[in-house]
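Asker: I would like the atomic coordinates for the input below:
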Amino acid sequence: MAKKQVIVILLIILLVPSAFAAKRDSTKVSLNHYSLTIGTGWTHYINSLVIGKDNATINSVGLSLKFFWEPEHRLSLGLESGYYRLYKVKSPNYADDHIQATMTAIPLLLCIRMRIVDHFYLGAGAGLAVMYNNVTATDIKVSSKIWSLSNYKFSGSYIYPLSKHWLVGGEFGVINFGKAEDWIYSVQALCAVKL
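Answerer: Presented below is the predicted three-dimensional model:
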């Protein structure tokens, strides 16, 4: 009889905590979410031109768009695109022919981002880019498009939450376009929404 009572008491002691634990876990909260970020700001081209180096406009406004999958851990995976003008070269003011050449790039990068401390992230990405060259003279316009297959980016960003869904911040990034062996760096203001 005493053996049966001891067994029943042990079963109750073992089963009661698991019953309460089941009640606490009945409402599961998913810690996975997605975010969409748009950024705009100053872009600087590291001038490696041979022809027209002194007549180049190397500062412009850039635009970026990022989509990230953010699980509960520190790492996030995503895609990044944007629109960057690398340079614009104009003929000197004293030239008879007005010639202008521009190069712009639209990257498509697969990115990984890691939260280092609260609100501060380091990121890297690699992928493709479409590069557009436009040359205009007095009566002529020539355009071309090339694919750059080996491009990469490194970035550091600070993103502060304003509410449950909206975030703002800033980012410093460096992008290399492998086809043209060109570099740009940018400082952008970011606005993000958690989906």
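
Asker: and D182, how many neighbours does it have?
Answerer: Look at D182: counted by other CB atoms under 10 Å, it has 21 neighbours. For the C-beta atoms, the positions are set from N, CA and C on the backbone; glycine is no exception.

Asker: helices of this protein, residue ranges please.
Answerer: Counting by DSSP state H, one finds helices in the chain at the ranges 2-24.

Asker: the longest strand in it is where?
Answerer: Longest strand in the chain, counting residues (DSSP state E): strand 141-161.

Asker: so what are the sheet partners of it and their directions?
Answerer: Strand 141-161 pairs in its sheet with strand 120-136 (antiparallel), strand 166-177 (antiparallel), by DSSP bridges.

Asker: A101 bridge partners, please.
Answerer: Legend: beta-bridge partners of A101 under DSSP bridges are V89, V135.

Asker: same question for the one 10 residues further on.
Answerer: Judged by DSSP bridges, the bridge partners of C111 are G78, G125.

Asker: and it, what does it touch?
Answerer: The contact partners of C111, taken as CB atoms under 8 Å, 6 or more residues apart in numbering, are 66, 68, 77-80, 123-125, 153.

Asker: if any of the residues you listed are buried, give me the ChimeraX selection for them.
Answerer: Of the contacts of C111, the buried ones can be selected in ChimeraX as follows, counting by 16 or more other CB atoms under 10 Å:
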select :66,68,78,80,123,125,153
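
Asker: nearest to T40, out of the strands paired with strand 141-161?
Answerer: Judged by CB to CB, the one of the strands paired with strand 141-161 that comes nearest to T40 is strand 166-177, at 10.5 Å.

Asker: thank you kindly, that will do.
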